[in-house]
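Asks: pasting the structure only:
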């Protein structure tokens, strides 16, 4: 097992502080610091000889002690076995099957009172392969029943994998799936399948269309660059449409197809949209958002007061990008509102480990919900040891951020609140520069945290410039100090603070007074063991003049989902502590800014586990 040394090199740089290797003294101690230093100088020599004499008598057995230990909230010496850690890493309220490997979400729909989630699944092992359509259903998007695998590779056109796709529900109640078949030569072909019984609420059994494949790769498109057909929708002109992602050269694009019978499809000459130098577009999503309220819109919605979103993914970088723009159904062309925020070069759905997302229009509550897969960041050997790999994020609603007009808001579905219990509230906690405050909340491995931060306005106005070149991903994490940050929450920390994951804000300011707020997750010290991903995730987040800084964190063993400013910027991380697990996991607040105090108010709930189990046929 590979062991990674702690990042002690950060502590030796002059502009860093050894953040979270020790706690700042309480304010009363700080006021006495000068007196203590004087007394320390007087007694230094005496203490040296006393300690030396004691060490000789005790033969140096179990007596070495770090002089900062007394400042820690609690120091943990418990050692966990690898089996303990692997068991603990399984999530409690995020969706994952009982075993094996999951990948892209597919074909979500709401049918006869059930939310259906299909997904890429290997029924045989916790690694990629044998791609099939797994299937689960839920009444509340929190508790899930696992159903039998819906489709498996059986035919020449999908023998190497029943890959991603979508499900369409027609007005007459008929349902069909479009999916990409990975053929015996690994070319990607488009296929159709239907449920055996449309009146079955669970849609357990599916059958593939006799005349598959229904679409072959177009000329000029790579045989392995043609996948993930969308849901079919009807435009204002009465024409039925389907889209699919691909690339030509290094230009990512969306193809548009028309159909009259939902089986035969004709490709239009021009793509819906394309962006040079963005490479392959896969798992493309396309949907309308309202300019006037938070109600989601069905795909067929069109007209004034509506914008349309394009979302694309690419396996090469493992990121989901989106852009907001205007769709012209007469020409089947889409134009971004801001070319600088175009698809693949502007905004991301999530700045951490979140990929291949697919959304569902929920007709029950008039909302749009999205899921992506959250991959592991450790090794495949660990996946094999666990017996499972990859989880899904908590379902997120999507609405247009009408305050900025440039961003979407991704936010946990309201049903997840039903798992909250044992809530605690902390009001107006003062965080002086360089301070850390432990929060006594009991178990800290399944949490929902809502936090608000108020920055000292005098300090904010007084600072003329503060690291205006700062970026989360290029920084040294929470240890890198600035005048106005970092400050935030530390989750999954052990008692000695050798393992920890800070989620924080960092405010940078240029000499002209311009301010940028960054939202970051620091994984540099999340694990002392086998997680080789030593990174800092994050991006900037718009903060309007009348807004306080807010974040919400969902902590669930090995996954952390962070939402800033109502979901304008989102970060999902996988972490694998070796010490900060079970009852040893701690929660803290910190302010590592040099020139500003911060007031923090929090509401923290323990989270009950969701029920994920086989359907009781």
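Replies: Sure thing, it's come through. No experiment lies behind these values; they were computed from the predicted model shown.
Asks: contacts, neighbours, all on C-alpha from now
Replies: Will do.
Asks: where in the stretch 451-600 of the chain is pLDDT low?
Replies: Within the stretch 451-600 of the chain, the set of residues satisfying pLDDT under 70 is empty.
Asks: okay, helices next: where are they in it?
Replies: Here the stretch 451-600 of the chain has its helices, by DSSP state H, counting those that start in this stretch, at 457-462.
Asks: where in the protein is pLDDT low?
Replies: In the chain (pLDDT under 70), the answer is 1-77.
Asks: if you set the cut-off to 80 instead, what comes out?
Replies: Counting by pLDDT under 80, the ranges of the chain that qualify are 1-78, 463-466, 530.
Asks: need the strands for the stretch 451-600 of the chain, in chain order.
Replies: Here the stretch 451-600 of the chain has its strands, by DSSP state E, counting those that start in this stretch, at 487-493, 501-509, 515-522, 536-540, 549-556, 559-564, 569-574, 586-591, 598-607.
Asks: ok, now the stretch 151-300 of the chain?
Replies: Along the stretch 151-300 of the chain, the segments classed as strands by DSSP E, counting those that start in this stretch run 162-169, 175-182, 188-195, 206-208, 226-227, 233-234, 240-248, 251-259, 265-267, 273-275, 282-290.
Asks: elements contacting the first one?
Replies: Looking back up the chat, that one is strand 162-169. strand 100-111, strand 114-122, strand 132-138, strand 175-182 (3 or more C-alpha pairs under 8 Å, 6 or more residues apart in numbering; DSSP states H and E).
Asks: make it 10 Å
Replies: The contact analysis (3 or more C-alpha pairs under 10 Å, 6 or more residues apart in numbering; DSSP states H and E) places strand 162-169 against strand 100-111, strand 114-122, strand 132-138, strand 175-182, strand 188-195, strand 226-227, strand 282-290, strand 355-362.
Asks: so which of those strands is nearest residue 269?
Replies: Among the helices and strands packed on strand 162-169, strand 226-227 comes nearest to residue 269, with 15.9 Å by C-alpha to C-alpha.
Asks: partners of the closest one in the sheet?
Replies: strand 240-248 (antiparallel) (DSSP bridges).
Asks: quick one: the strand it pairs with to strand 188-195, angle?
Replies: Angle, strand 240-248 to strand 188-195, by axes from the mean of the first three to the mean of the last three C-alpha atoms, to 10 degrees: 150 degrees.
Asks: go through strand 240-248 and flag the buried ones.
Replies: Residues 240, 241, 242, 243, 244, 245, 246, 247 are the ones in strand 240-248 that count as buried (16 or more other C-alpha atoms under 10 Å).
Asks: hang on, residue 384 in a helix?
Replies: Yes - assessed with DSSP: H, G, I helix; E, B strand; the rest coil, residue 384 lies in a helix.
Asks: secondary structure class for the closest residue to it other than its chain neighbours?
Replies: Spatial nearest neighbour of residue 384, excluding adjacent residues (C-alpha to C-alpha, 6 or more residues apart in numbering): residue 126 at 5.9 Å. What three-state DSSP gives for residue 126 is coil.
Asks: ok, back up a step: go through the strands of the stretch 151-300 of the chain and name the closest to residue 596.
Replies: Nearest to residue 596 among the strands of the stretch 151-300 of the chain is strand 282-290 (39.2 Å), distances taken as C-alpha to C-alpha.
Asks: the stretch 301-450 of the chain: strands as residue ranges?
Replies: 306-314, 319-328, 333-336, 347-348, 355-362, 367-374, 388-389, 391-392, 396-400, 408-412, 420-431, 435-439, 446-455.
Asks: with mean neighbour count added, can I get those in a markdown table?
Replies: Conversion of these to a markdown table gives the following (neighbours: other C-alpha atoms under 10 Å):
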| stretch | mean neighbour count |
| --- | --- |
| strand 306-314 | 23 |
| strand 319-328 | 22 |
| strand 333-336 | 18 |
| strand 347-348 | 24 |
| strand 355-362 | 24 |
| strand 367-374 | 23 |
| strand 388-389 | 22 |
| strand 391-392 | 23 |
| strand 396-400 | 24 |
| strand 408-412 | 23 |
| strand 420-431 | 14 |
| strand 435-439 | 20 |
| strand 446-455 | 21 |
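Asks: among the ones you listed, which is nearest residue 267?
Replies: Nearest to residue 267 among the strands of the stretch 301-450 of the chain is strand 333-336; the distance by C-alpha to C-alpha comes to 13.6 Å.
Asks: the closest one packs against which elements?
Replies: strand 273-275, strand 306-314, strand 319-328.
Asks: ok, now with 6 Å
Replies: If you count contacts as 3 or more C-alpha pairs under 6 Å, 6 or more residues apart in numbering; DSSP states H and E, strand 333-336 packs onto strand 319-328.
Asks: residues near residue 302, how many?
Replies: Applying other C-alpha atoms under 10 Å, we find 18 other residues in the vicinity of residue 302.
Asks: what distance do you get for it to residue 289?
Replies: Going from residue 302 to residue 289 by C-alpha to C-alpha, to the nearest Å gives 10 Å.
Asks: how about residue 468?
Replies: Applying C-alpha to C-alpha to residue 468 and residue 289 gives a distance of 34 Å.
Asks: domain ranges for this protein?
Replies: Per the record, the chain has its domains at 98-412, 418-609, by the TED database.
Asks: wait, which of those domains is closest to residue 88?
Replies: Comparison of the domains of the chain against residue 88 by C-alpha to C-alpha identifies domain 418-609 as nearest, at 6.7 Å.
Asks: what's the span of that closest one, first residue to last?
Replies: Using C-alpha to C-alpha, one end of domain 418-609 lies 11 Å from the other.
Asks: what do you get for stretch 213-221?
Replies: Distance across stretch 213-221, first residue to last, is 17 Å (C-alpha to C-alpha).
Asks: what comes up buried for that stretch?
Replies: Buried, per 16+ other C-alpha under 10 Å, within stretch 213-221: 213, 215, 217.
Asks: who's in contact with the second one?
Replies: Contacts for residue 215 (C-alpha atoms under 6 Å, 6 or more residues apart in numbering) come out as residue 190.
Asks: so it bridges to which residues?
Replies: For residue 215, the beta-bridge partners are residue 190 (DSSP bridges).
Asks: from residue 254, how far off is it?
Replies: Residue 215 sits 16 Å away from residue 254, going by C-alpha to C-alpha.
Asks: equivalent analysis for the first one, please.
Replies: Residue 213 sits at a distance of 20 Å from residue 254 (criterion: C-alpha to C-alpha).
Asks: repeat for residue 352
Replies: As judged by C-alpha to C-alpha, residue 352 and residue 254 stand 25 Å apart.
Asks: next: residue 437.
Replies: As judged by C-alpha to C-alpha, residue 437 and residue 254 stand 50 Å apart.
Asks: how about residue 110?
Replies: Residue 110 is 26 Å from residue 254, by C-alpha to C-alpha.
Asks: for residue 603, same thing?
Replies: Separation of residue 603 from residue 254 (C-alpha to C-alpha): 43 Å.
Asks: more neighbours: these two, which one.
Replies: residue 254 (25 against 15).
Asks: good, we can wrap up now.
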